[in-house]
Structure formats: C-alpha cells, structure tokens
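Trainee: Predicted model follows, preceded by the sequence.
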Number of protein chains: 2
Amino acid sequence: MSPDTPQTLLVIDDHPLFRKAVLQLVEMTGDFQVVGEASSGEQGLELAQGLHPDMILLDLNMKGMNGIEVLKVIKSWDLDSRVVMLTVSDEAGDLVAALRAGADGYLLKEMEPEDLLVKLKEAASGQVTLTERLTRLLAHSLREDALPKAPDQAGLTEQEGRILDLIAQGKSNKLIARELGIADGTVKVHVKHLLRKLNLRSRVEAAVWAVEKRQG
Amino acid sequence: MSPDTPQTLLVIDDHPLFRKAVLQLVEMTGDFQVVGEASSGEQGLELAQGLHPDMILLDLNMKGMNGIEVLKVIKSWDLDSRVVMLTVSDEAGDLVAALRAGADGYLLKEMEPEDLLVKLKEAASGQVTLTERLTRLLAHSLREDALPKAPDQAGLTEQEGRILDLIAQGKSNKLIARELGIADGTVKVHVKHLLRKLNLRSRVEAAVWAVEKRQG
DNA sequence: GAGGGAATACCCACTAATGGGTATGGTGGT
DNA sequence: ACCACCATACCCATTAGTGGGTATTCCCTC
C-alpha cells in the first residue's frame, strides 16, 4: 500500500506492440516497474507464479487461454497480485464475468494513456477501478439479470398456480394431467401460459424459480 | 434530455430536516424544481403517480414501506421518472437490490452537497450514477455471489456435478454444451448417467433436487 | 507389461416429452 | 354480450432421454 516503492508489474498480452506501449507509458513515471511480459495466457501463468508481481495487466482476448481463464487460475493461487483486465471489449457479459472471477479492475484499451495510468494507480492502491461507461454497463446488466428473476406470480390463475407447484415437484405433464384429472394436452396449454406470464423459457426454469422462491 | 428546462423533482424521505436541506441545495441552482415532498413511502407513491416528476429522490431507510419496495412499485408503473436512491447505508446488499429493482442512481447522504448535485445532474441526463466507493462495493458483492458453488454430489463425477449445477440453473443441454465447450450429445450422456446415479427420472426432478439441497 | 475399470467424449438412431401455434366450446361473472 | 378461465383437439419443430457402439486417457492391479 506504500506508493513510495514502485509496484512490480506483469503484462500479459499477445500483442507485442501493445506490450511495448504499456511498458513505455508505465516506466516513464516511477510508479511501476515492469518485471515481466508474456505473450500468451499459459506463459503469463508461469511468470505470475514465478514473479509474484504486485500487479498483473491482463488482456481479455487472446489466442489460446482467454483472459478470464487465466484470471481464474491466478485468483485460485491466492497470490496477492492485483489483476486488472485490459481489453477492447465493452460487452457487459465480459465485464461481469471478469468481476465474478475476481478482477480488481477492468479497463478499456481505447482509454487515454494518462487516464489509464491514473486508473492503474488506483487499482494498485487496492481499489476496484472501472471506467464511467463500464459502471453504467454493469448496472444495466444487473437489471437485465433481474428481469427474469422477478416474475410476478400474481398474474397466474389458480390452475396455472397448481400446475406450477407440480412442476416444482419435478412432475411431467402426463403425471400432472393424471393428478388433476385433466387431459395431457390441457396441461401443456397451461404450462405454455404460465411460462409466458412468468417470462421463462422452459419448465426447468420454472421449477428452479418456484423452488427458490418457496425457500429463499 | 434538455438541460435547459429545470427538472421536476420529488423528494421522498421521512426525515423533514433532510428534505429541507435537499430543497435548499437543489433550488439554489436552477437545475431542479422540487414539485413535491413526501414523508413516507406510501405518500411518496401517491405523489409520484400524480406528479410524474422527472426525478425522484428516494430514501432507502424509512418507517413503513422501505425504499426498495417503493422503488419497485414506481418502476412497475413505467412512468419515465428516474429514481435515485439516497441513503446512509453502504451495504452491498442494499445497493445490489436497488440496482436490480431498477434504480438509476445510488448515492450516500454523507456526500458533499456539491458532489451530490453533480451526481443528480448526471442521473437526470440518463446516466446511472454511483459513487466511487459504491462501485467497489458492487464489484465486491458480485465476487461474493460467485463463490457459492459447491460440487461434490455423492457419487457424481466432476463433469456430472458441473452439469447438474447448470441444470439447476434452468439451462438446456445445448446451452450447457456451449458453456462447457463439449458436444451436446455428450451432455445428454452425462445427464443420463447422473439421472441414473441419483435415481431421478427427468432433468426437472434433478433441478428441483439440486436447488432444494442447495438451499435447504 | 498386460489387462480392467472408470471417466471422458463422440457417434447414430429411435421414442418420448416439451413448447408453440391455432381453433372450438363451455362455463361464470359483470 | 363480453371477458377471463378452463378444457380439449390437432399440428409442428425442437429438446430430452434411451440404447447401442467406438475411442482415448488415466489409474489400479495382477
């Protein structure tokens, strides 16, 4: 946490030109010292394990192992290297995946070099750093996540509710039909309707949702 | 989206002193016009429905209906009011809940008044705004979410355990295949095997069983 | 070192189950 | 009379589950 001693840095990126650019940028100021460069995920893992750098700059899109896989392995080692993802992707999914896997930062290559440096220092001091736009992406993706998880059972009719219960017991349409004394095809119609109302795609999703709601 | 006309603002907070402070702060500049104040969630809902304000400042911790409940109701109405949560809580859970429920911002009462104003304007222009520290909290809570995954179902191999987990998330064989990078015929084989080992008759039963075990 | 057994992954072919569409009737309530 | 709910029927495409077979790898044992 002392900003006095330069932080050791490992750069993992399969684009040599980019590695060189980072190296130049980062060593101009005295804040970081690049102790290693890797041109692939596999090589990066070796170096990370050998060098225990304070920080690792990790490209997301690489040939061979992609950045998320590399990140997971590094985090599973429990070194205390901070790992910042650096990528051209502004896909919400990639961002969420990276954070779930334990990334300490997620920055875009298209950033201004000065900003990049600022963000790196933030990450070095233990902060999680995202760009403004990514923060928005994140919030947005959370909401998308939330939609299918927030079905409103209020919209279901009694019969649909009963059938949902039976689905949540793992029963097939045929069994449900027998239990309710109605035709097999009728059950299918009700299932179709309740899936629509709950905004779900299959009886398995319905079962999972119902069980989680029942218990959670 | 025009920053020319002042945005109408509704403040919902059960602390009168705080409402007054916001009112003063916000009306000093010409950016917002407070068109209503509510001292409870219930009253806030009435006013929101009647006034259709451009923005709603909503306290999270209130007697009676809490802020999240109020937020959900407002968002279910599909007015196009932007809602910014304002709270003393820096609990990650509250933050995530607010974003999932559709909050357009989440700010802390302990912020500097000037910063608050800046953030409000950001939110007014359609951005999602979080403070720096909250961004970190968010990232952290995502990681916590990621942890609870425990295979090791008795008798199941690793792969079978992984696939059972995915079934318990409601996924189809095709999706599972893509996620694991294997053919979907192979997934079927694993499903067949795990159903046998667990003495179950369908993936729905498997999903129910896994979810119940996970939670109960 | 040769077998045997698990685990993984793939293939083919076949049946059952599921989900979507459309359509027809019969209720009961407003 | 209209509307929501329920029940049924039929058709169609996709998905899921079963059975058989082949292959490779790794590990254990004789």
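Mentor: All right, it came through fine. Residues are numbered from 1 along each chain as shown, chains lettered A, B, ... in the order given.
Trainee: Do you have the strands of chain A handy? List them.
Mentor: Ranges of strands within chain A are A:7-12, A:32-38, A:55-59, A:82-87, A:105-108, A:129-130, based on DSSP state E.
Trainee: State the distance from A:Glu27 to DNA strand D.
Mentor: For A:Glu27, the distance to DNA strand D equals 42 Å [C-beta to the nearest atom of the strand, to the nearest Å]. C-beta coordinates here come from the backbone N, C-alpha and C atoms, glycine included.
Trainee: what residues are up against that residue?
Mentor: Residues counted as contacts of A:Glu27 (C-beta atoms under 8 Å, 6 or more residues apart in numbering or on different chains) are A:33-34.
Trainee: still on that earlier bit, in CSV: the strands of chain A, plus distance to chain B and mean pLDDT.
Mentor: Below are the strands of chain A laid out as CSV (distance: least, C-beta to the nearest C-beta, whole Å; pLDDT from 0 to 100):
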stretch, distance to chain B, mean pLDDT
strand A:7-12, 19, 90
strand A:32-38, 21, 91
strand A:55-59, 16, 91
strand A:82-87, 12, 88
strand A:105-108, 9, 84
strand A:129-130, 6, 74
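Trainee: which stretches of chain A form helices?
Mentor: A:16-28, A:41-51, A:67-77, A:92-100, A:113-124, A:132-149, A:158-167, A:173-180, A:184-198, A:203-215 (DSSP state H).
Trainee: what about chain A, any weak spots by pLDDT?
Mentor: Residues of chain A meeting the criterion pLDDT under 70: A:1-5, A:89-93, A:127, A:132-133, A:136-155, A:215-216.
Trainee: Bridged to A:Gln33, which residues?
Mentor: A:Thr8 (DSSP bridges).
Trainee: Can you verify my assumption that it contacts A:Gln7?
Mentor: Yes. At 7.1 Å, A:Gln33 and A:Gln7 qualify as touching, with contact defined as C-beta atoms under 8 Å.
Trainee: Those two: who's more crowded?
Mentor: Taking other C-beta atoms under 10 Å in any protein chain shown, A:Gln33 and A:Gln7 do not tie; A:Gln7 has more neighbours (20 against 14).
Trainee: who's in contact with the more buried one?
Mentor: A:31-33, A:54-55, A:124.
Trainee: 6 Å instead?
Mentor: A:32, A:54-55, A:124 (C-beta atoms under 6 Å, 6 or more residues apart in numbering or on different chains).
Trainee: Closest one to DNA strand C out of those residues, please.
Mentor: DNA strand C lies nearest to A:Met55 out of the contacts of A:Gln7, by C-beta to the nearest atom of the strand, at 33.6 Å.
Trainee: wait, isn't the closest one in contact with A:Leu10?
Mentor: No. Counting by C-beta atoms under 6 Å, A:Leu10 is not a contact partner of A:Met55; they are 7.3 Å apart.
Trainee: can you redo the strands of chain A as JSON lines with distance to DNA strand D?
Mentor: As requested, these are exported to JSON lines (distance: least, C-beta to the nearest atom of the strand, whole Å):
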{"stretch": "strand A:7-12", "distance to DNA strand D": "26"}
{"stretch": "strand A:32-38", "distance to DNA strand D": "25"}
{"stretch": "strand A:55-59", "distance to DNA strand D": "28"}
{"stretch": "strand A:82-87", "distance to DNA strand D": "29"}
{"stretch": "strand A:105-108", "distance to DNA strand D": "32"}
{"stretch": "strand A:129-130", "distance to DNA strand D": "35"}
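Trainee: Among these, which comes closest to B:Leu198?
Mentor: The closest of the strands of chain A to B:Leu198 is strand A:82-87. By C-beta to C-beta, the value is 37.6 Å.
Trainee: Give me the packing partners of that closest one, helices and strands only.
Mentor: For strand A:82-87, the packing partners by 3 or more C-beta pairs under 6 Å, 6 or more residues apart in numbering or on different chains; DSSP states H and E come out as strand A:55-59, helix A:67-77, strand A:105-108.
Trainee: Swap in 7 Å and give it another go.
Mentor: Where contact means 3 or more C-beta pairs under 7 Å, 6 or more residues apart in numbering or on different chains; DSSP states H and E, strand A:82-87 is packed against strand A:55-59, helix A:67-77, strand A:105-108, helix A:113-124.
Trainee: which outside residues touch it?
Mentor: Residues outside strand A:82-87 that contact it (C-beta atoms under 7 Å, 6 or more residues apart in numbering or on different chains) are A:54-61, A:67, A:71, A:74, A:94, A:98, A:103-109, A:120, A:123-124.
Trainee: near DNA strand D, which residues of chain A?
Mentor: A:157-160, A:180, A:182-183, A:185-186, A:188-190, A:202, A:204 (C-beta under 7 Å from any atom of the strand).
Trainee: Next one: the closest residue to A:Lys121 other than its chain neighbours from A:Glu212, what distance?
Mentor: Excluding the flanking residues, the one nearest A:Lys121 by C-beta to C-beta, 6 or more residues apart in numbering or on different chains is A:Asp31, at 6.0 Å. A:Asp31 is 46 Å from A:Glu212, where distance means C-beta to C-beta, to the nearest Å.
Trainee: Next: A:Leu200.
Mentor: The value you get for A:Leu200 to A:Glu212, if C-beta to C-beta is used, is 12 Å.
Trainee: Counting neighbours, go ahead and name the busier of those two.
Mentor: A side-by-side neighbour count of A:Leu200 and A:Glu212, using other C-beta under 10 Å, places A:Leu200 first with 19 against 16.
Trainee: Correct me if wrong: the more buried one contacts A:Ala206.
Mentor: Yes. Assessed by C-beta atoms under 7 Å, A:Leu200 is found in contact with A:Ala206 at 5.1 Å.
Trainee: show me the contacts for the residue located most distally from the centre of chain A.
Mentor: In chain A, counting by C-alpha atoms, centre = their mean, A:Gly181 sits farthest out from the average C-alpha position, at 45.8 Å. For A:Gly181, the contact set (C-beta under 7 Å, 6+ apart) is empty.
Trainee: Okay, buried residues for stretch A:71-89 please.
Mentor: By neighbour count on 16 or more other C-beta atoms under 10 Å in any protein chain shown, the buried set for stretch A:71-89 is A:71-75, A:79, A:81-87, A:89.
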